[in-house]
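Visitor: Could you look at this predicted model? Sequence included:
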Amino acid sequence: MERLRRDFDQLVENFGDEVRLSPDVYDAAISHGRELRTVGGESRAAEYLAPMLKHDRAMVRMFTAVFLEQIGPGAKDAVPDLIAALQDEHAKVRLRAAYALAEYESAASEAVVPLTHALRDKDDFVSYAAAVALRRIDRRVAEAFATEHAADGSLSPKVIDTLLHYDHDLAIEGKKIAF
């Protein structure tokens, strides 16, 4: 846990205020997420990281969501804070919060309604991430929501298609093949 705090703080110090995701941050998040899952420290990590979702700097909020995404459902105490981050003023924070919730799957069932609101986000990447998350958390709700709103034009065709057909395992398989 001390290493997580030290490394997270160092990452935050090394970047300016521009809200962008660098390979260094993603690599660190993956490494720490795996380590925390191995030793069962996910809930302690959530205790440290969840308050960071309310940090003054958007970049810190985005980094936090990335770390929580990699830690996954063992840090389910962070779900309410990730739900709140779906309303962040910065699209990249909302995007990473939605992707983090997708990793929590059924442990994030309370995110279903907020994610349905995020499907209409003004940023297309955020609405797509919300669709992925909703589909992974509750496939039946996602399909029903898509069917109900397919004809009214309130959701983009990409969001509707994701709600109806997204398969996480195939998406991951495609990424493995692409590399």
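Guide: Sure, I can see it.

Visitor: Report the rounded mean pLDDT for the longest helix seen in the chain.
Guide: Among the segments of the chain that qualify as a helix by DSSP state H, the longest is helix 23-39. Averaging pLDDT along helix 23-39 yields 77.

Visitor: What are the buried residues along that helix?
Guide: V25, A28, A29, H32, G33, L36, R37 (16 or more other Cβ atoms under 10 Å). (C-beta placed from N, C-alpha, C; glycine too.)

Visitor: low-confidence ranges in the protein?
Guide: Scanning the chain for pLDDT under 70 picks out 1, 15-19, 21, 168-179.

Visitor: rerun that using 50 as the cut-off
Guide: Residues of the chain meeting the criterion pLDDT under 50: 174-179.

Visitor: And the helices in it?
Guide: Using DSSP H, helices in the chain cover 2-14, 23-39, 42-49, 58-71, 79-85, 91-104, 112-118, 124-137, 139-149, 157-165, 168-178.

Visitor: can you give me how far the fifth one is from the chain middle?
Guide: Using Cα atoms, centre = their mean, to the nearest Å, the mean C-alpha position of helix 79-85 is found 10 Å from that of the whole chain.

Visitor: repeat for the second one
Guide: Centre-to-centre, helix 23-39 and its host chain are 15 Å apart (Cα atoms, centre = their mean).

Visitor: which residue of this protein sits farthest from its center?
Guide: Going by Cα atoms, centre = their mean, the residue of the chain most distant from its centre is A151, 27.9 Å out.

Visitor: tally of neighbours for Y104?
Guide: Y104 has 24 neighbours, counted by other Cβ atoms under 10 Å.

Visitor: what do you get for the one 4 residues further on?
Guide: Using other Cβ under 10 Å as the criterion, A108 is surrounded by 26 other residues.

Visitor: residue contacts, it?
Guide: P73, K76, V79, L82, I83, L101, A133, I137 (Cβ atoms under 8 Å, 6 or more residues apart in numbering).

Visitor: S156: which of those is nearest?
Guide: Minimum distance to S156 across the contacts of A108 is 15.6 Å, recorded for A133 (Cβ to Cβ).

Visitor: Not counting sequence-adjacent ones, nearest residue to the closest one?
Guide: The shortest distance from A133 to any non-neighbouring residue, by Cβ to Cβ, 6 or more residues apart in numbering, is to A102 (3.8 Å).

Visitor: Thank you kindly, that will do.
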